[in-house]
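S.K.: Below: sequence and its predicted model.
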Amino acid sequence: METKTALALTKLDGMVWVDGGTFKMGSDHYYPEEAPAHQVTVGSFWIDPAPVTNAQFASFLEATDYVTLAERPANPADYPGAKPELLAPSSVVFVQPRNRVDMRNPYSWWRYVRGADWRHPFGPKSSIEGLENHPVVHVAYPDVEAYCVWAGKDLPTEAEWEFAARGGFEGADYAWGDEFEPDGEIMANTWQGEFPIQNLVKDGFKWTSPVGLFPPNGYGLYDMIGNVWEWTSDWYQDHGAIRQPCCSSVNPKGGDREKSYDPRLDGVRIPRKVMKGGSYLCAPNYCQRYRPAARMGQPIDTSTCHLGFRCVRRASSL
């Protein structure tokens with residue numbers, strides 16, 4: 001399979017130019033929320049070559065004095081009936097179980113940790129010293145929106161993100177082709193071993209890795225797969241609820257805010273955005289979402305230790 005011969009011919013403030021085009025978005029072979037696969041057309045755009053790093057995010061905060069959601073106490077009005085201690089500044093952190101757990105219950109390895117935020121990724125006693133070139137994490141959707149405004153950029157739509165992640169490999173399972181580890185080479189920072197109890201760390205990283213360390217895709221973009229999930233601007237809905245597979249759409253902005261709520265959560269109506277790309281916690285036995293087509297809905301108020309973002313600029317906006 002061949003990639004596009006013209007990679008990035010233009011750069012804007014370090015961003016990579018991606019020629020627009022038509023591609024098959026989604027997949028009919030993995031998780032239900034990825035189906036149906038359908039034709040989509042996107043315009044040309046610039047995109048960050050890697051996720052926003054801790055150093056870049058620090059520059060934004062120094063310039064604006066912005067305070068992230070994880071660093072603020074939650075508003076009790078938004079969470080009726082919540083215990084006061086649960087409203088303290090906190091964020092979601094992966095805590096590895098010591099023994100096998102019920103894989104149907106993600107709370108077996110996720111914890112709200114008081115004092116966890118972008119500066120303290122594992123809790124108040126941790127820091128990002130030495131992690132300046134790692135992706136920033138523990139950023140909720142309003143945080144990344146604020147960064148984009150400051151930087152004069154936007155978040156990619158789901159369609160733009162997936163088109164860029166595929167790197168010209170039309171219909172391939174992965175951003176580099178159809179084999180997860182071609183010739184035994186590890187192509188992205190993901191989980192090796194039995195999630196969540198055994199991490200073999202064959203790629204050298206138990207948590208995030210520096211951006212740009214693993215091979216780029218066909219467009220010269222790094223970490224589109226693995227390392228950290230990435231926010232997009234689309235409200236989360238199943239593909240089938242947004243459009244029909246027989247129809248082509250141009251520059252789609254998917255979803256509806258009022259239909260993006262998680263029906264499993266009683267009494268809490270926090271809308272969700274689409275996140276893409278998988279992370280260092282995705283494993284063959286649990287979350288095979290280290291693929292361009294993979295997608296999940298993330299509440300806009302929730303930050304985690306494995307979710308970051310990158311930005312775009314559209315040709316039409318310049």
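M.R.: All right, it came through fine. As the structure is a computational prediction, the values presented were derived from the model and not from experiment.

S.K.: And the helices in this protein, which stretches?
M.R.: 54-64, 141-151, 158-166, 239-242 (DSSP state H).

S.K.: Quick one: mean pLDDT for the last one?
M.R.: Think helix 239-242. Averaged across helix 239-242, the pLDDT comes to 66.

S.K.: got the contact list for residue 123?
M.R.: 93, 113, 114, 115, 116 (C-beta atoms under 8 Å, 6 or more residues apart in numbering). Using the backbone N, CA and C atoms, a C-beta is placed for each residue, glycine as well.

S.K.: Among those residues, which one has the most neighbours?
M.R.: residue 116 (26 neighbours; other C-beta atoms under 10 Å).

S.K.: ok, and the closest non-adjacent residue to that one?
M.R.: Nearest residue to residue 116, sequence neighbours excluded (C-beta to C-beta, 6 or more residues apart in numbering): residue 91, at 4.2 Å.

S.K.: What about the one you found, how many residues nearby?
M.R.: 29.

S.K.: Check residue 298 too.
M.R.: Residue 298 is flanked by 22 other residues according to other C-beta under 10 Å.

S.K.: swap in residue 130?
M.R.: Count around residue 130 with other C-beta under 10 Å applied: 9.

S.K.: what do you get for residue 185?
M.R.: By other C-beta under 10 Å, neighbour count at residue 185 equals 10.

S.K.: which ones are touching it?
M.R.: residue 215.

S.K.: go again using 6 Å as the cut-off
M.R.: By C-beta atoms under 6 Å, 6 or more residues apart in numbering, residue 185 lies in contact with nothing.

S.K.: Likewise for residue 208?
M.R.: So residue 208 contacts 134, 135, 227 (C-beta under 6 Å, 6+ apart).

S.K.: Include neighbour count, pLDDT and distance to residue 58 when you put those into JSON lines, please.
M.R.: Output for the contacts of residue 208, formatted as JSON lines (neighbours: other C-beta atoms under 10 Å; pLDDT from 0 to 100; distance: C-beta to C-beta, whole Å):
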{"residue": "134", "neighbour count": "23", "pLDDT": "98", "distance to residue 58": "12"}
{"residue": "135", "neighbour count": "30", "pLDDT": "98", "distance to residue 58": "13"}
{"residue": "227", "neighbour count": "33", "pLDDT": "98", "distance to residue 58": "19"}
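
S.K.: ok, these vs residue 303, which is closest?
M.R.: Minimum distance to residue 303 across those is 12.7 Å, recorded for residue 135 (C-beta to C-beta).

S.K.: any idea which residue sits dead centre in this structure?
M.R.: Among the residues of the chain, the one closest to the centroid is residue 230, at 1.8 Å (C-alpha atoms, centre = their mean).
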